[in-house]
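> Predicted structure and sequence below. I'll ask about it afterward.
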Amino acid sequence: MTALLEVRDFSVAFGASQPVKGVSFTANPGEMLAIVGESGSGKSLTALGLIGLLPRHAKTGGEIRFEGRNLLAQSERDWRRIRGRDIGMIFQEPMTSLNPVLTVGEQIIEVLRIHERLDRKQARQRAVDLLELVNIPEARKRVDDYPHQLSGGMRQRVMIAIGVACNPKLLIADEATTALDVTIQAQILQLLDNLRRDLNMAVILITHDLGIVAQWADRVMVMYAGRKVEEGLPEPVFTDPYHPYTRGLLGASPRAESGHHYRDGPLIEIPGSIVSATGEKGCAFRPRCPSAQASCGFAVPALRQIAEDRLAACPFTPTRFVSQIHDASLRS
Amino acid sequence: MTLTQSSIARSPRLGALQSDEVEAATPEQSKDWPFLHAPDALTQSSAAVTKAGLRRELRIFLTNPNAIIGLTFLVTVVVLALAAPYLFPGDPLEMVARPFLWPGQNPDYPLGTDSMGRDVLAGIVHGARISLTVGIAATLIGLTIGILVGAIAGYFGGLVDDVLVKLIEIFQTLPSFVLLVVLVAIAQPNVLTVTCAIGIITWPMVARLTRAEFRAIREKDYVLAARSLGYGHVRIVFREILPNALPPIIVTSSVMVAGAILMEAALSFMGLGDPNRVSWGSMIGAGRDVIRTAWYLTALPGLAIVFTVISLNLISDGLNDALNPRFSEERR
């Protein structure tokens, strides 16, 4: 199976700073790929790069191959034909991502009329169908509602309806559930999961919520300071994290199933912040890494294949696992 | 045992009044659940409003007494202006009676006649046509140029913005009335040139306002979302951003009509109006020479201008209250 999306050594630079430094990954049709990392790790810039909406003064490097075409070498006109039709995107804030002066129906109809050249009546019928597809009750009535008349979860459903209106092959969900409460989050993710199976659409889920990743993603990619530091299937990555950053992320998230809760003992913090990685030679995680060695400062560690379907950018074999970290924190 | 019975049992004194107290005790129960509310009027109305949008704003506008007074007066003036050829057939510049008839002297000419024996009432009614035509047409010209320039500058930013802002500043550094006089003096003064000249000197204000609105709105999430759907610049500017930028522009435009009426009057007063058409400004100008003996000749058309401008300002205030989301929320 050839990959739908193939990103090779993609980088973004603003003048001297380079928030994304050579990221490579692939996404297959119908696959849900999760990109995780803390704020500033470059995940959102990668997403904007995938849809060609980086600020004008951003310099990009590398290659983004979508169905064999290099997207970065395209004209703005060609981009417009791809955005919304082949690649859809859902944003974080459903409250502000819909135009307040247009009804939700008009906003769906508009994208259908541009990309599918439907007439008004057909487009309206499709809009109602799409609202039904994303489980909005009384879609026929809701189609004439303005965004402020809908709740946050409903608006995000509408955003998804707009995003999938033209049957895109790839949907990018940039923190799409972060602004929603937990029950709505689960519904929205369930919806995305159903849609990608029904429409055979690849979904790139950008999030910092590891719980979401563990439950819904087919594959996980951990980003830190603009680089991919670990990639693999969610199950092995979370039970047996290889890179110290992934271990840190896991240690820093409360997990009910392990019986570890922030009431019992402090969650493990990753010391420092991502800013401390700027200007650092070698591994960007070195200043914050509990098991850093002198050799970490010499060169950026390369991604290594450590198992089938598993990549990590740390030359050392982990000695302590998450469970041990938890035990340590409980003792202290 | 129900709660009402138990509360009565606890206070035997109430036993005699039982039949009355059972009714009174029922609302008492709700105090046990202070955090539970039955749906009140506010939540009900926000849930039931299906077509909020324009209708709500219209309602706020129409419940504002000042706006109603302004609107009533303006509608009267417009109706009189439209009906002028039927109310006062013939040229209002024609001599019809003895000069210097004071108001009330001759019932055929209720507002008297001027130094040439022309009917003052006919002049005011016909003059309303010129004042309103010039006021509205000049505002439309100013709005069209201003919105286009402001939208382009605000939306694209960068070099385009710099150049257009410089252009706006050139117009704003010139004293606008002097520029107006020069423009009209160069071209032959008639209704068309006066209208165009007023339009030309008023557009920079609209352009600045529109530019500021566009600069704020173009950063909104729904504009990014629109770009992610592959919309072109024209569509984003006119369909996504402009409707959201309109409220302050609409408010300004009613003040602009008032300003244009004043400018036209000032030009006519200086003798730079259309010599073949009667207008309020030219009537004041003609009455200036006899202001000591026949002050009504300047006062009456002057009052017409004052009331029209005040009514436009009242309408502007009303529109501001209705269209500005901050104010309209307070008034709700």
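On my side now, so go ahead. This structure is a prediction, so every number in the text was calculated from the model and none was measured.
> Name the residues of the stretch 201-332 of chain B found near chain A, please.
Counting by CB under 8 Å from any CB of the partner chain, the positions of the stretch 201-332 of chain B adjacent to chain A are B:220-222, B:224-232, B:235, B:239-240, B:243-244. No exception for glycine: its C-beta is placed from N, CA and C like everyone else's.
> Tell me where the chain has strands.
In the absence of a named chain, chain A is used. Using DSSP state E, the strands found in chain A span residues A:5-14, A:17-27, A:32-36, A:59-66, A:69-70, A:87-90, A:170-174, A:202-207, A:219-224, A:227-232, A:304-307, A:310-312.
> Let me rephrase: I mean chain B.
Under DSSP E, chain B gives no strands.
> ok, and the helix or strand in it with the lowest average confidence?
Between all helices and strands in chain B, the lowest mean by mean pLDDT, DSSP states H and E belongs to helix B:41-48, at a mean of 41.
> pretty sure B:Phe269 contacts B:Ser279?
No: the pair B:Phe269 / B:Ser279 is not scored as a contact, 9.3 Å apart, by CB atoms under 8 Å.
> Can you give me the neighbour number for A:Glu166?
No, residue A:166 isn't Glu; it's Cys. Using other CB atoms under 10 Å in any protein chain shown, A:Cys166 has 19 neighbouring residues.
> repeat for A:Leu189
A:Leu189 is flanked by 23 other residues according to other CB under 10 Å.
> For A:Pro137, see how far away it is.
Relative to A:Pro137, A:Leu189 is positioned 19 Å away (CB to CB, to the nearest Å).
> and what of B:Pro248?
From B:Pro248 to A:Pro137 the distance is 37 Å (CB to CB).
> Which of these two has more residues huddled nearby?
Comparing B:Pro248 with A:Pro137 by other CB under 10 Å, the one with more neighbours is B:Pro248, at 16 against 9.
> if we can go back for a sec, Throw the strands of chain A into TSV and include mean neighbour count, thanks.
Formatted as TSV, the strands of chain A follow (neighbours: other CB atoms under 10 Å in any protein chain shown):
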stretch	mean neighbour count
strand A:5-14	18
strand A:17-27	19
strand A:32-36	25
strand A:59-66	17
strand A:69-70	13
strand A:87-90	27
strand A:170-174	25
strand A:202-207	25
strand A:219-224	25
strand A:227-232	24
strand A:304-307	12
strand A:310-312	21
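> And those strands, which one averages the lowest pLDDT?
Of all the strands of chain A, the minimum mean pLDDT falls on strand A:304-307 (a mean of 82).
> For it, C-alpha coordinates in PDB please.
Provided in PDB are the C-alpha atoms of strand A:304-307 (Å, rounded to 0.1, in the frame of the first residue of the first chain):
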ATOM      1  CA  ARG A 304      16.800   4.400  15.300                       C
ATOM      2  CA  GLN A 305      14.600   1.500  14.300                       C
ATOM      3  CA  ILE A 306      14.300  -0.200  17.700                       C
ATOM      4  CA  ALA A 307      11.600  -2.700  16.800                       C
END
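> for it, packing partners?
With contacts defined as 3 or more CB pairs under 8 Å, 6 or more residues apart in numbering or on different chains; DSSP states H and E, strand A:304-307 has these neighbours: strand A:310-312.
> Now do the strand it packs on: everything it contacts.
Outside strand A:310-312, the residues within contact range by CB atoms under 8 Å, 6 or more residues apart in numbering or on different chains are A:228-233, A:236-237, A:242-243, A:246, A:303-306.
> can we see that at 6 Å?
Contact with strand A:310-312 is made by A:230-232, A:242-243, A:303, A:306, as judged by CB atoms under 6 Å, 6 or more residues apart in numbering or on different chains.
> for these, which one is nearest chain B?
A:Glu231 (25.6 Å; CB to the nearest CB).
> Next, work out how far apart that closest one and B:Arg55 are.
Noted for A:Glu231: a distance of 54 Å to B:Arg55, by CB to CB.
> How about B:Ala216?
B:Ala216 sits 26 Å away from B:Arg55, going by CB to CB.
> Show me the shaky parts of chain A.
Scanning chain A for pLDDT under 70 picks out A:1, A:254-268, A:274-280, A:318-332.
> let me redo that: chain B
If you take pLDDT under 70 as the line, chain B has these spans: B:1-54, B:324-332.
> one more time with 80
B:1-57, B:323-332 (pLDDT under 80).
> Any part of the lengthiest helix in it near chain A?
Scanning chain B for the helix with the most residues, using DSSP state H, yields helix B:120-156. No: judged by CB under 6 Å from any CB of the partner chain, helix B:120-156 stays clear of chain A, getting no closer than 10.3 Å.
> list the helices and strands that helix packs on?
Contacts defined by 3 or more CB pairs under 6 Å, 6 or more residues apart in numbering or on different chains; DSSP states H and E place helix B:120-156 against helix B:65-87, helix B:158-173, helix B:191-217, helix B:242-269, helix B:280-287, helix B:296-323.
> Now find how far off-centre that helix is within its chain.
Computed by CA atoms, centre = their mean, to the nearest Å, the chain-centroid distance of helix B:120-156 equals 12 Å.
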